[in-house]
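Novice: Structure for this input, please:
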Amino acid sequence: MAKAGFRLALLATLLALMVVLLGAYTRLTHSGLGCPDWPGCYGFISVPSTDAQLAHAELHFPETPVEAAKGWSEMVHRYFAGTLGCLILLLTARAWKQRKLPDQPLKLPLFILLVVIIQAAFGMWTVTLKLWPQVVTAHLMGGFATLSLLFLLTLRLSGSLPALAIPRRLQRWATAGLVLVIMQIALGGWVSSNYAAVACVALPTCHGQWWPAADFTNGFHLTQHIGPNYLGGQLDSEARTAIHLAHRLGAVLLTLVLVGLAWQLRRVGMPKLAGLVLLVLAAQISLGLSNVLFGLPLALAVAHNAGGAALLLTLVLVNYHARTALVRVRGGHFLQWA
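Specialist: Here you go, the predicted model:
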């Protein structure tokens, strides 16, 4: 039976997914600086449209002409993110009020609230620091973290997942898979924030070579100077190639680990969960390959972000199962961990 707050947590999770996808759309349409200030847009609550508002924008932001489409892309993302923040605040207040109820999570909602406050700060810095890639990537990771934590809270409030006897080795595979998914999402964010998605436009080679010239030092230089802003990127071709190659290699490693995880899930009698892992993995690989082959079309690029979110949530689900009743196999006997 679902616990109090389950529906609200589920709604917040769905809204967080929408915020992540809107953020991807904003980033991929180069709309991150569609509004050069924060939290408003040229000093207004919406994108300037009247003659007086446009004159105000031109006076105070002469170096950033108003582009309505990009401005609305950015502001819609902010509206949804603000609504999500209010929902999380409500979730936290409700959890605090019901903290004396049995098995009612409190630390997790409080932590989610802290994460979303930090995430809002990174959203502001994304604009004020002119798309500095470190901040953009951290902002992306914050969005995925918020989504996964809300999903975990929803699982804990669902009351529908029974405790399972899971071998210790499966828990290790599940943990490794989750860590690698997080690392791969971070690499994907670094690819996107440095405009390296089309650094290699062929498969399986890059620039006609299996290992082309690549500058990993500059590609992963975390303190590089960005100039007036980072719109369009500042790195040379070899640095972007290094970032792209790292993402490809990470995908290969992640695939091997998740296939192994699926095999372990089948061995312990969880074929549906194994099938889900393989299905989401196959979809994400297909989307990644398609983005390279078709030159990063917007719909496929946003779908690739959705695939990353689906893969992350799938691994959260697997780890939730694996940790609900963690057991260690010793001498053929199951010893349950409290």
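Novice: Please count neighbours and contacts with C-alpha atoms only from this point.
Specialist: Will do.
Novice: The helix or strand where L187 lies packs against which elements?
Specialist: Assigned by DSSP states H and E, L187 falls within helix 168-193. Under the contact definition 3 or more Cα pairs under 8 Å, 6 or more residues apart in numbering; DSSP states H and E, helix 168-193 sits against helix 133-158, helix 237-267, helix 298-324, strand 327-330.
Novice: Could you figure out how far the third one is turned away from helix 237-267?
Specialist: Angle, helix 298-324 to helix 237-267, by axes from the mean of the first three to the mean of the last three Cα atoms, to 10 degrees: 40 degrees.
Novice: okay, and the helix or strand of the protein with the least pLDDT?
Specialist: None of the helices or strands of the chain scores lower by mean pLDDT, DSSP states H and E than strand 333-336, at a mean of 34.
Novice: So, low pLDDT: which residues of the stretch 151-300 of the chain?
Specialist: Across the stretch 151-300 of the chain, the ranges flagged by pLDDT under 70 are 160-165, 224-233.
Novice: ok, 80 please
Specialist: 159-167, 223-234 (pLDDT under 80).
Novice: if we can go back for a sec, show me the one of the helices and strands packed on helix 168-193 that comes nearest Y25.
Specialist: helix 298-324 (6.2 Å; Cα to Cα).
Novice: And that closest one, what's buried?
Specialist: 300-324 (16 or more other Cα atoms under 10 Å).
Novice: still on that earlier bit, okay, the helices and strands packed on helix 168-193 in TSV with distance to N194 next?
Specialist: Listed next are those as TSV, based on distance: least, Cα to Cα, whole Å:
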stretch	distance to N194
helix 133-158	6
helix 237-267	7
helix 298-324	15
strand 327-330	43
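Novice: residues near the nearest residue to W263 once chain neighbours are set aside, how many?
Specialist: Leaving aside its chain neighbours, W263 sits nearest to A274 (7.0 Å; criterion: Cα to Cα, 6 or more residues apart in numbering). Applying other Cα atoms under 10 Å, we find 21 other residues in the vicinity of A274.
Novice: element containing A274, please.
Specialist: A274 belongs to helix 271-293, assigned by DSSP H and E.
Novice: Not counting that helix itself, show me its contacts.
Specialist: 197-198, 200-203, 251, 255, 258-259, 261-263, 265-266, 296-297, 300-301, 303-304, 307-308, 310-311, 314-315, 318 (Cα atoms under 8 Å, 6 or more residues apart in numbering).
Novice: Same check on stretch 251-269?
Specialist: For stretch 251-269, using Cα under 8 Å, 6+ apart, the contacting residues are 166-167, 170, 173-174, 176-177, 180-181, 184, 271, 273-275, 277-278, 281, 285.
Novice: Can I get the buried part of the residues you listed as one ChimeraX selection?
Specialist: Buried members of the contacts of stretch 251-269, defined by 16+ other Cα under 10 Å, are picked up in ChimeraX with:
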select :166,167,170,173,174,176,177,180,181,184,273,274,277,278,281,285
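Novice: I'd assumed A196 was in contact with H244.
Specialist: Yes - with contact defined as Cα atoms under 8 Å, H244 reaches A196; the gap is 5.9 Å.
Novice: what sits in contact with each of the two?
Specialist: By Cα under 8 Å, 6+ apart, no residue touches both H244 and A196.
Novice: what about the closest residue to G189 other than its chain neighbours, neighbour count?
Specialist: In this structure, G189 finds its nearest non-sequential neighbour in T137, 5.0 Å apart by Cα to Cα, 6+ apart. Counted with other Cα under 10 Å, the neighbours of T137 add up to 24.
Novice: can you check the one 3 residues further on too?
Specialist: L140 is flanked by 25 other residues according to other Cα under 10 Å.
Novice: was I right about it contacting W190?
Specialist: No - the pair L140 / W190 is not scored as a contact, 9.5 Å apart, by Cα under 8 Å.
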